[in-house]
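In: Okay, predicted coordinates and the sequence, questions at the end:
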Amino acid sequence: MSGKLISIEGGEGAGKSTVIATIVAALEQRGLRVQSAREPGGTALGEAVRELVLGPVHHGMSAEAELLLMFASRAQLVRERVLPALAAGEWVVSDRFTDASFAYQGGGRGIDAGRIAELERWAVGFKPDLTFLLDVCVDVGMERARGRGGAPDRIESEATSFFERARACYRQRAAAEPERFRVIDAGAPVEQVVAAVQQALHAWLATQS
């Protein structure tokens, strides 16, 4: 099988880390070479951008600056890691990808989706082959996130309404691209979430050559 990109999306506290570990293990059991990445981040440049975007210092950051920084990190990740991996037949499992910008900077911040799509075409040029949307009620997700301990980052500190808008945007995108998205009820117990992800992944893999 040729290399593929699988992205994991969802709001705060959706359980992405557990799902990513599940997917990586399932792919490796099939004898596939797999890399995992995260956004923003995944490269030295991307991790520096992550600190700028999520760190507590820059609370006055504009929505436009935030969007461009996200795409700067993403552009580096694509060229430094994703494209070389796919060309080598490796699979990449990414903690967020371009859909996150549509949800957070588009839905959450109110930036026009057309502008984000233009950046997606120019800075990235492709979409994931498969996207898991871990959908969970905002209140439940935020309670889980707070339970992890530590101070919330700059984006986690946003109001509930911000995350409600991001969630609505995610759900709209999933409804518009059902061939790419697999929506998982992330409010269920973790065992059920893992089982649902495994079932959806194996069903999708059966359609790939």
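Out: Received the coordinates, thanks. Numbers count the residues shown, from 1 in each chain.
In: When you work out contacts or count neighbours from here on, use the C-alpha atoms and nothing else.
Out: OK.
In: Does L133 fall in a helix, a strand, or a coil region?
Out: Secondary structure, DSSP: H, G, I helix; E, B strand; the rest coil: L133 is strand.
In: Revised request: answer the last question for L68.
Out: helix.
In: how many other residues sit next to it?
Out: 15 (other CA atoms under 10 Å).
In: any idea how far it lies from R30?
Out: L68 is 37 Å from R30, where distance means CA to CA, to the nearest Å.
In: Repeat that for V93.
Out: Distance from V93 to R30, by CA to CA: 15 Å.
In: More neighbours: these two, which one.
Out: V93 (25 against 8).
In: residues touching the more buried one, list them.
Out: Contacts for V93 were tallied using CA atoms under 8 Å, 6 or more residues apart in numbering; they are 5-8, 20, 23-24, 34-37.
In: again, only this time at 6 Å
Out: Shown in contact with V93 (CA atoms under 6 Å, 6 or more residues apart in numbering): 6-7, 36.
In: Present those residues as TSV; the columns should include secondary structure and distance to G141.
Out: Output for these, formatted as TSV (DSSP: H, G, I helix; E, B strand; the rest coil; distance: CA to CA, whole Å):
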residue	secondary structure	distance to G141
I6	strand	22
S7	strand	19
S36	strand	23
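In: filter those residues to the buried ones?
Out: 6-7, 36 (16 or more other CA atoms under 10 Å).
In: of these, closest to E64?
Out: S7 (23.6 Å; CA to CA).
In: remind me which residues of the chain are low pLDDT?
Out: 1, 209 (pLDDT under 70).
In: Strands of that one, start to end?
Out: Secondary structure of the chain, counting by DSSP state E: strands at 5-10, 34-38, 91-95, 130-135, 181-185.
In: Need the contact partners of the fourth one.
Out: Spelled out, that is strand 130-135. Outside strand 130-135, the residues that reach it (CA under 6 Å, 6+ apart) are 6-10, 14, 180-186.
In: Could you pull out the buried residues of it?
Out: 130-135.
In: Kindly report the same for the second one.
Out: In terms of neighbour count (16+ other CA under 10 Å), strand 34-38 has its buried residues at 34, 36-38.
In: That one pairs with which strands, and in what direction?
Out: Strand pairing for strand 34-38, using DSSP bridges, gives strand 91-95 (parallel).
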